[in-house]
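[1] Below is the structure, and that's it, no one-letter string:
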């Protein structure tokens, strides 16, 4: 009788242990990357401390090392976790923007065989720590964070891609301008021109300059390889602002032979110069 009782107790204990193991496994599966499921205000100090502790075990990379490694290295993916507007204002060439609130849902689409560099503005180490922890939990072996973030990268005069600020003396110094009358003369006399309409495709289709190609302003970085080298580049939009921004962006991309149409297509049309569809 005593033996039967002991056997029964053992069976109950085994069932209890099994139950808790199932619950634990389910919890890990269901709540993978838990820090990224919360907004920053909901993350407790203890969770932040744990994430920062995990970060210390991760590898950091200096801006000089990153600058050397990204040249011609297709296996490196740089992920900028700052808000979209901050990323658009200025970022490292070829980096990909995945803002922190979107990172949890984006992890499943990342290739675990790549090398990942996490970039922040330079003062959000707790956010970087949460991303590194999430990548670690999902089995990403090669993950680093940029020491000092974008702030340190810029401080050491590494190149960035700027959105173009018309009030910035630095951005203004990157631009060479041309006006409609001079452009009309140039189009009649020169053959070594590449004319780029940086408006949206629906605007381009309504009417554009003869011989122009259409690359929307926001797509210039991704489509830079479509722009021929060794030719004079003309950038235009309706009023000149997007052409200015495009000129800044191309300068940052290494194109130093671009001219921005300062008075825009609106003034071209007002003078009844040729427009094609």
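    Sure thing, it's come through. If you're wondering where the values come from, they're calculated on a predicted model, not measured in any experiment.

[2] measure the residue nearest to residue 216 when sequence neighbours are not counted to residue 253 for me?
    Nearest-residue entry for residue 216: residue 200, 5.6 Å, with adjacent residues in sequence omitted and distances by CB to CB, 6 or more residues apart in numbering. In short, each C-beta sits where N, CA and C put it, glycine included. Remark: distance between residue 200 and residue 253 (CB to CB, to the nearest Å) = 20 Å.

[3] got it, and residue 177?
    When residue 177 is compared with residue 253 (using CB to CB), they lie 19 Å apart.

[4] ok, residue 67 - contacts?
    With contact set as CB atoms under 8 Å, 6 or more residues apart in numbering, residue 67 has these partners: residue 158.

[5] Please apply the same query to residue 260.
    Residue 260 makes contact with 175-178, 235-236, 240, 243-244, 246-247, according to CB under 8 Å, 6+ apart.

[6] What about those residues, which are in helices?
    Residues from the contacts of residue 260 lying in helices, with DSSP state H as the criterion: 243-244, 246-247.

[7] And the furthest pair within those?
    Of all pairs drawn from the ones in helices among the contacts of residue 260, the one with the largest separation by CB to CB is 244 and 246; the distance is 7.2 Å.

[8] all strands of the stretch 101-250 of the chain, in order?
    115-119, 143-146, 161-162, 177-178, 193-197, 213-214, 232-236 (DSSP state E, counting those that start in this stretch).

[9] pLDDT on the fourth one, on average?
    Mean pLDDT, strand 177-178: 97.

[10] Within the sheet, what are the partner strands of it, with directions?
    Paired neighbours of strand 177-178 in the sheet (DSSP bridges): strand 258-261 (parallel).

[11] buried set for the following helix or strand past the partner strand?
    Counting by DSSP states H and E, the element after strand 258-261 in chain order, helix or strand, is helix 264-270. Of the residues in helix 264-270, those scored as buried under the neighbour-count criterion (16 or more other CB atoms under 10 Å) are 264-265, 267-268.

[12] can you check stretch 231-246 too?
    Using 16+ other CB under 10 Å as the burial criterion, the residues of stretch 231-246 that qualify are 233-238, 240, 242-246.

[13] do stretch 63-81 as well
    Buried residues in stretch 63-81, counted by 16+ other CB under 10 Å: 63, 66, 70, 76-81.

[14] on that earlier part again, could the contacts of residue 260 be laid out in JSON lines, adding distance to residue 123?
    Conversion of the contacts of residue 260 to JSON lines gives the following (distance: CB to CB, whole Å):
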{"residue": "175", "distance to residue 123": "31"}
{"residue": "176", "distance to residue 123": "36"}
{"residue": "177", "distance to residue 123": "37"}
{"residue": "178", "distance to residue 123": "41"}
{"residue": "235", "distance to residue 123": "35"}
{"residue": "236", "distance to residue 123": "39"}
{"residue": "240", "distance to residue 123": "35"}
{"residue": "243", "distance to residue 123": "34"}
{"residue": "244", "distance to residue 123": "30"}
{"residue": "246", "distance to residue 123": "31"}
{"residue": "247", "distance to residue 123": "31"}
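
[15] Report the buried residues of stretch 90-97.
    Of the residues in stretch 90-97, 90-92, 95, 97 count as buried by neighbour count, 16+ other CB under 10 Å.

[16] Then stretch 144-161?
    144-150, 153-154, 161.

[17] Let's have the residues you listed in a markdown table, adding distance to residue 116 and pLDDT.
    Shown next, in a markdown table, are the buried residues of stretch 144-161 (distance: CB to CB, whole Å; pLDDT from 0 to 100):
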| residue | distance to residue 116 | pLDDT |
| --- | --- | --- |
| 144 | 7 | 94 |
| 145 | 9 | 94 |
| 146 | 11 | 95 |
| 147 | 15 | 93 |
| 148 | 17 | 94 |
| 149 | 15 | 96 |
| 150 | 16 | 97 |
| 153 | 16 | 97 |
| 154 | 21 | 95 |
| 161 | 20 | 96 |
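
[18] so which of the residues you listed would you say is closest to residue 105?
    The closest of the buried residues of stretch 144-161, once distances to residue 105 are taken by CB to CB, is residue 145, at 20.5 Å.

[19] right, and the closest one touches residue 124 too?
    No: with contact taken as CB atoms under 8 Å, residue 145 and residue 124 are classed as non-touching, separated by 10.6 Å.

[20] OK, contacts around residue 113?
    Contacts of residue 113 by CB under 8 Å, 6+ apart are residue 75.
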